[in-house]
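Asks: heads up, no residue letters with this:
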């Protein structure tokens with residue numbers, strides 16, 4: 001699918017999810033942090049419709065209603081994303097930055113970008129992953145970035161997340177140790193797997209949630225996101241750890 005067709009398909013995909021009742025409203029509602037949090041228990045595009053809590057960390061410009069209309073995404077997006085990914089090693093910040101970038105790149109409730117912008121960003125992330133692999137430096141972070149961006153793009157198309165999951169698995173292996181944030185990322189990619197046509201990933205979901213909770217420190221940013229995404233009023237981190 002060429003970038004122009006993908007951009008037209010993106011809004012249609014989100015509109016279809018809205019019509020099916022998987023979240024309230026169209027693309028603007030999905031982009032809105034308040035609406036997304038309210039819909040966190042509903043099945044929907046897991047990488048896009050539920051913002052990641054990064055506290056006060058720096059990321060792309062954003063508002064409570066979604067993309068910042070004052071942000072010059074057509075000119076700045078690719079350079080800003082790459083600079084943020086280079087400067088911040090925190091996986092959650094990287095994931096939220098790429099979630100926001102997807103809305104900007106594909107024109108969902110934001111100043112429209114030319115199709116070439118989305119294509120340039122996708123190619124830049126792929127190049128970074130391949131270069132990191134060749135150099136043996138920064139491999140885990142680069143594959144996490146590529147996996148998350150591809151998963152966001154796939155969610156716009158209702159496409160299987162098998163390739164992003166494989167890339168994320170490469171990131172987890174390259175890290176050389178277990179990490180709560182990487183397990184959280186895997187839990188998100190396998191969330192609502194059957195509803196989104198990703199049956200092969202569904203059996204993995206509970207294990208990723210449980211392991212992320214076991215690795216996350218009480219009160220940490222990962223713990224907050226785990227409870228916001230997979231918890232309930234009756235659920236605490238201990239219950240997630242027990243599975």
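Replies: Looks like it arrived, so ask away. Fair warning: this is a prediction, and the values are worked out from it, not measured in the lab. Numbering: from 1, shown residues only.

Asks: isn't residue 92 right up against residue 182?
Replies: No: if you go by Cβ atoms under 8 Å, residue 92 and residue 182 don't touch, sitting 10.3 Å apart. (C-beta placed from N, C-alpha, C; glycine too.)

Asks: Now do the strands in this structure.
Replies: 62-63, 66-67 (DSSP state E).

Asks: Using CSV, please lay out those together with mean pLDDT and distance to residue 197.
Replies: Putting the strands of the chain into CSV (pLDDT from 0 to 100; distance: least, Cβ to Cβ, whole Å) gives the following:
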stretch, mean pLDDT, distance to residue 197
strand 62-63, 93, 29
strand 66-67, 91, 26
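
Asks: So for residue 147, which of these sits nearest?
Replies: Proximity to residue 147, assessed across those by Cβ to Cβ, is greatest for strand 62-63 (21.7 Å).

Asks: Leaving out sequence neighbours, find the closest residue to residue 208.
Replies: residue 187 (3.8 Å; Cβ to Cβ, 6 or more residues apart in numbering).

Asks: That neighbour: what's it in contact with?
Replies: By Cβ atoms under 8 Å, 6 or more residues apart in numbering, the contact set of residue 187 is 205, 208, 209, 212, 226, 229, 230.

Asks: re the thing from before, deepest in the core, which of the strands of the chain is it.
Replies: Mean neighbour count (mean count of other Cβ atoms under 10 Å) peaks for strand 66-67 among the strands of the chain, with a mean of 24.

Asks: pretty sure residue 208 is touching residue 183, no?
Replies: Yes: the pair residue 208 and residue 183 passes the contact test of Cβ under 8 Å, sitting 5.3 Å apart.

Asks: got any residues that touch both of those two?
Replies: With Cβ under 8 Å, 6+ apart, residue 208 and residue 183 have no common neighbours.

Asks: From residue 167, how far off is the spatially most central residue of the chain?
Replies: The centre of the chain sits closest to residue 47, judged by Cα atoms, centre = their mean, with a distance of 3.7 Å. Residue 47 is 13 Å from residue 167, where distance means Cβ to Cβ, to the nearest Å.

Asks: And residue 182, by the same measure?
Replies: If you go by Cβ to Cβ, the gap between residue 182 and residue 167 works out to 12 Å.

Asks: and what of residue 85?
Replies: With Cβ to Cβ as the criterion, residue 85 and residue 167 are 15 Å apart.

Asks: Kindly report the same for residue 174.
Replies: 10 Å.

Asks: Please apply the same query to residue 198.
Replies: Counting by Cβ to Cβ, the gap from residue 198 to residue 167 is 15 Å.

Asks: Hmm, residue 208 and residue 240 touching each other?
Replies: No: with contact defined as Cβ under 8 Å, residue 240 does not count as touching residue 208 (10.9 Å).
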